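Chemist: the sequence and its predicted three-dimensional model are supplied below.
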Amino acid sequence: MQCQPDFRLRTAYELRQGALAKLSGKWPGAAAVVFLAALAGNAVGGLNFAAKYAAGEPDVMPLPTFSFALFVVSWLVAAQFKAGVSLYFLRLVRGDAPGVAAIFASFRDFAAFRRNVWLLLLISAYTFFWSLLLIIPGIVKGLGYSMAWYVKADAPHLSANQAIDASAEMMRGHKMRLFWLDLSFFGWMLSPVVILFILLPYAPFLAFLAAGIATVFANVYLEAAMALFYQNLKEYSAASLPSAEAEAAPGALLR
């Protein structure tokens with residue numbers, strides 16, 4: 001008798017353990033992806049300081065037009081790397097062997113490039129406007145929109161609003177689960193600060209190097225757990241619906 005797949009909701013502990021299992025033997029590639037994404041984001045921001053020092057006035061703010069141009073460039077780059085990192089880790093937790101080049105995929109596809117920018121813009125705008133009411137509604141909505149990048153990776157044909165709507169539908173009743181998963185990584189995200197506090201007075205270079213490495217690996221762990229959360233939720237949602245109802249559900253867009 002063939003065993004049926006166990007499509008149950010995983011706890012935060014099970015998701016973390018599952019992420020570690022999926023990362024086994026794949027840490028170097030995953031770390032390279034996170035490092036490159038962070039490096040690209042910081043490089044764009046670093047142009048601001050470079051411009052000031054090139055002008056010989058490091059304490060003077062650059063021209064507003066230059067600052068705005070940097071903001072636009074950083075926004076464009078951030079959208080592409082957010083989509084690329086989500087795609088990479090989604091493939092990783094599904095047992096594929098994605099290459100580092102996966103995070104640059106949208107740079108070769110103008111339509112995908114544009115959709116990623118629009119998705120980031122809408123998520124940021126919706127979250128911001130909800131935050132104007134109070135901080136809590138903004139956090140709740142942010143959790144609700146958090147699966148949109150994975151939805152987009154699964155169904156590139158969806159519009160930004162469709163991806164956001166599908167994410168919100170998937171996360172209905174599951175936001176607290178994601179909140180606890182995020183909270184369970186608090187110690188990991190705090191580790192670079194602890195490293196700096198301990199080593200900085202004695203070996204500044206070693207302290208920053210170790211803190212940087214800790215930051216990269218903590219984010220690799222978190223990204224894998226987040227992708228596994230989406231995969232588990234998608235499988236559970238599909239298994240929990242009758243077949244006719246499943247085809248009509250918002251999640252059916254993803255299959």
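Modeler: Yep, it's here.
Chemist: all helices for the stretch 101-250 of the chain, in order.
Modeler: Assigned helices in the stretch 101-250 of the chain, in chain order: 110-133, 135-145, 148-154, 160-170, 175-183, 186-199, 204-240, 243-248 (criterion: DSSP state H, counting those that start in this stretch).
Chemist: could you identify which of those helices is most buried?
Modeler: Compared across the helices of the stretch 101-250 of the chain, helix 148-154 shows the largest average neighbour count, a mean of 25 (mean count of other C-beta atoms under 10 Å). From N, CA and C alone the C-beta is placed, and that goes for glycine too.
Chemist: now tell me what touches it from outside.
Modeler: Counting by C-beta atoms under 8 Å, 6 or more residues apart in numbering, the neighbours of helix 148-154 from elsewhere in the structure are 82-83, 86-87, 90, 115-116, 119, 123, 158, 160, 163-164, 166-167, 170, 227, 230, 234, 254.
Chemist: surely residue 141 meets residue 127?
Modeler: Yes - using C-beta atoms under 8 Å, residue 141 is in contact with residue 127, at 5.6 Å.
Chemist: where does the stretch 151-255 of the chain dip in pLDDT?
Modeler: Confidence mapping of the stretch 151-255 of the chain against pLDDT under 70 gives the ranges 239-255.
Chemist: quick one: contacts of stretch 82-99?
Modeler: Residues outside stretch 82-99 that contact it (C-beta under 8 Å, 6+ apart): 18-19, 22-23, 26, 29-30, 33-34, 37, 100, 102-106, 112, 116, 119-120, 149-150, 152-154, 223-224, 226-228, 230-231.
Chemist: now do the buried residues in it.
Modeler: If you call a residue buried by 16 or more other C-beta atoms under 10 Å, then stretch 82-99 has these buried ones: 82-93, 98.
Chemist: state the mean pLDDT of the helix or strand harbouring residue 31.
Modeler: Residue 31 belongs to helix 27-54 when assigned by DSSP states H and E. Averaged across helix 27-54, pLDDT comes to 75.
Chemist: starting at the chain centroid, how far to the following helix or strand past that helix?
Modeler: The helix or strand immediately downstream of helix 27-54 is helix 64-93, counting by DSSP H and E. Relative to the mean C-alpha coordinate of its chain, helix 64-93 is positioned 11 Å out (C-alpha atoms, centre = their mean, to the nearest Å).
Chemist: can you check what angle separates helix 64-93 from helix 204-240?
Modeler: Using axes from the mean of the first three to the mean of the last three C-alpha atoms, to 10 degrees, the interaxial angle of helix 64-93 with respect to helix 204-240 works out to 60 degrees.
Chemist: averaged pLDDT, helix 64-93. What do you get?
Modeler: The average pLDDT within helix 64-93 is 84.
Chemist: between it and helix 110-133, how many degrees?
Modeler: Compare the direction of helix 64-93 with that of helix 110-133 by the same axes, to 10 degrees and you get 100 degrees.
Chemist: picking up where we left off before, compare the helices of the stretch 101-250 of the chain and give me the one nearest residue 42.
Modeler: helix 204-240 (10.8 Å; C-beta to C-beta).
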